[in-house]
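Engineer: when you get a sec, could you give me coordinates for this:
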Amino acid sequence: MINNFALFFRPKAIEELSGQKHLSAKNSPFYKLLKSGSMSHSLFFGPAGVGKTTLARIVAHELQLPFYELDATSVKVEEIRKILSQHRGALQKPLIFIDEIHRLSKTQQEVLLLPMENHEAIIIGASTENPYFVLSSGIRSRMMLFEFYPLAQSDLLEIIERVRKIVLFEIDEDALNYLVSSSAGDSRALLNLLEFALKVDLHVSFETLKTLRSSALKDGVSSDNTHYNLISAMIKSVRGSDVDAALYYLARLIDGGESPDFIARRLVILASEDIGNANPNALGLASSTLQSVSKIGYPEARIILSHCLIYLTCSPKSNSAYNAINAALAYVKNEKALNVPDHLKSPSPKGYLYPHDFGGWIEQTYLEKPLHFYESSSIGYEKTLDEWMRKIKTKDKKA
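Structural biologist: Sure thing, here's the model as predicted:
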C-alpha cells in the first residue's frame with residue numbers, strides 16, 4: 001500500500017492541478033506568466049488543501065529553479081539569509097516558498113523587502129488568511145496576489161479517479177458521497193481519509209469512513225465562506241440592527257475557530273464607522289472588548305463578544321463621522337492646500353481670540369475659505385451634540 005497519498009498523488013505539472021482553473025487554464029494570466037518564465041514574487045492565499053504548496057512546487061519545477069520550502073512558524077532570519085548568500089552571483093535565483101507567511105513577525109517580513117526588491121530570489125508565500133489584514137504593505141506591494149478557492153465536488157471526484165488508476169479499490173456510493181462532502185473542498189483531507197480507509201479495507205464503506213471521521217470537516221475560518229462572507233454578514237447584520245442574525249454569524253465564526261481578536265477588531269471599526277456619535281459609548285465598549293478578549297481567549301471570550309455585539313446592534317446608527325473624514329480627505333487630496341490664517345499660527349499671534357475669554361465661543365475665521373464636510377444625522381446622541389452646538393453659538397456673549 002502506498003504511504004502518504006497526499007504527497008504521492010501531488011500533481012507535477014500545472015495541467016494536472018485539480019481546481020483553480022482561473023490559474024491553470026491555458027488562457028489565464030498565471031499560466032502565461034509561468035510558461036514564459038516571467039514569474040515574480042507571489043502570494044497564494046486561500047483555504048487549506050487546495051493546491052498552494054503544490055503550485056509553488058510546480059513553478060519551481062517548470063522554471064528549473066532551486067526550491068526551498070520554509071515554514072514561517074519555525075523559520076529563522078539567518079536561514080533565509082544563508083539561502084540568499086549561497087546563490088548570490090549565480091545564474092539561477094532560488095525559489096523560496098514560505099508556508100503560513102502571515103505568521104512571520106514584522107522584523108522577518110522587513111528582512112525580505114530588500115532581497116525581493118533586488119530580485120535575489122523569487123519569494124512565494126502561502127497563507128490561509130486575507131493578505132490585506134496580515135501582511136505589511138511593503139510585502140504586498142512587491143507581490144502578485146493569487147486567490148485559491150475550495151475544490152468543487154467535481155475536482156475531488158477527479159482526484160479519487162486519479163487514485164483508482166493506481167490503487168484498485170471499491171467504494172460504496174454512500175461512502176463516496178461522504179468522502180467528498182465531509183472533506184469540505186480540501187484535497188489533503190480527502191486523500192488522508194481515503195488512505196487510512198484503504199488500510200482498513202480495500203472495499204470502502206460508509207461505516208468505515210464515519211469511524212475514521214465522525215463528522216464533516218468545518219470549512220474553517222480561512223475559507224471564502226467563513227472568513228470573508230461570514231464576517232461581512234455579521235457586520236452587515238449589526239449595522240442593520242438584527243440581533244439574532246448578528247449572533248448567528250458570530251456563533252458560526254466562533255465555532256469555526258475565528259480569532260476573538262479579529263472579531264473584536266472588526267467590532268471596534270464598526271463602532272466608529274456605523275454608530276459613531278449616535279452612541280459614543282459604543283467605541284469605548286468595543287475597545288474594552290478587544291482588550292479583554294486578547295487577555296482571556298476562548299471559551300469565555302465568546303460571552304464578551306456577545307455582550308459587545310448585542311450592544312452595538314441595538315445602538316442607534318450614524319455614519320456621519322465616517323462620511324465627514326472621507327469628504328475632508330477627498331478635498332485635501334484633490335484641491336489646492338489652503339493657507340493657515342495668520343491668527344491661528346503657532347505661537348498664537350495677535351488677533352487670535354481665545355474662546356474661553358468670551359464664555360466658550362467667539363466668532364472668528366478658522367479657514368481661508370468656508371468648507372463644509374460634516375452633516376449630522378440628528379440620530380441618538382448626535383441630536384444632543386447638535387443642540388449643544390446651537391446653544392454654544394447662539395448664547396449671548398459679553399465681550
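
Engineer: okay, CA-based contacts and neighbour counts for the rest of this
Structural biologist: Noted.

Engineer: all strands for this structure, in order.
Structural biologist: For the chain, strands defined by DSSP state E occupy the ranges 42-45, 67-71, 95-99, 122-127, 144-147, 170-171, 203-204.

Engineer: in a markdown table, list those strands along with mean pLDDT and mean neighbour count.
Structural biologist: Output for those, formatted as a markdown table (pLDDT from 0 to 100; neighbours: other C-alpha atoms under 10 Å):
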| stretch | mean pLDDT | mean neighbour count |
| --- | --- | --- |
| strand 42-45 | 94 | 24 |
| strand 67-71 | 95 | 16 |
| strand 95-99 | 96 | 24 |
| strand 122-127 | 95 | 24 |
| strand 144-147 | 94 | 16 |
| strand 170-171 | 96 | 16 |
| strand 203-204 | 96 | 18 |
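
Engineer: closest one to residue 262 among these?
Structural biologist: Distance to residue 262, taken as C-alpha to C-alpha, is lowest for strand 122-127 among the strands of the chain, at 16.0 Å.

Engineer: output that closest one as CSV, nothing but the C-alphas.
Structural biologist: Taking Å, rounded to 0.1, in the frame of the first residue of the first chain, the C-alpha atoms of strand 122-127 are listed here in CSV:
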residue,chain,number,x,y,z
ILE,A,122,11.6,34.5,-6.2
ILE,A,123,9.6,34.6,-3.0
ILE,A,124,6.3,32.7,-3.0
GLY,A,125,4.2,32.8,0.2
ALA,A,126,1.2,30.8,1.1
SER,A,127,-1.5,31.9,3.6
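
Engineer: give me the helices and strands touching that strand, please.
Structural biologist: Counting contacts by 3 or more C-alpha pairs under 8 Å, 6 or more residues apart in numbering; DSSP states H and E, strand 122-127 packs against strand 42-45, helix 52-63, strand 95-99.

Engineer: mind putting those in CSV, distance to residue 129 included?
Structural biologist: CSV is the format used below for the helices and strands packed on strand 122-127 (distance: least, C-alpha to C-alpha, whole Å):
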stretch, distance to residue 129
strand 42-45, 7
helix 52-63, 13
strand 95-99, 12
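
Engineer: how about these, which one is nearest residue 232?
Structural biologist: In terms of C-alpha to C-alpha, the element of the helices and strands packed on strand 122-127 nearest to residue 232 is strand 42-45, at 18.4 Å.

Engineer: grab the most central residue of the protein for me.
Structural biologist: residue 130 (2.4 Å; C-alpha atoms, centre = their mean).

Engineer: before we move on, back to that, can I get the strands of the chain in CSV including distance to residue 328?
Structural biologist: Shown next, in CSV, are the strands of the chain (distance: least, C-alpha to C-alpha, whole Å):
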stretch, distance to residue 328
strand 42-45, 34
strand 67-71, 44
strand 95-99, 41
strand 122-127, 36
strand 144-147, 31
strand 170-171, 64
strand 203-204, 65
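
Engineer: closest one to residue 162 among these?
Structural biologist: Comparing the strands of the chain by C-alpha to C-alpha, strand 170-171 comes nearest, at 13.7 Å.

Engineer: give the pairing partners of the closest one; include direction for each.
Structural biologist: Next to strand 170-171 in the sheet, as set by DSSP bridges, lie strand 203-204 (parallel).
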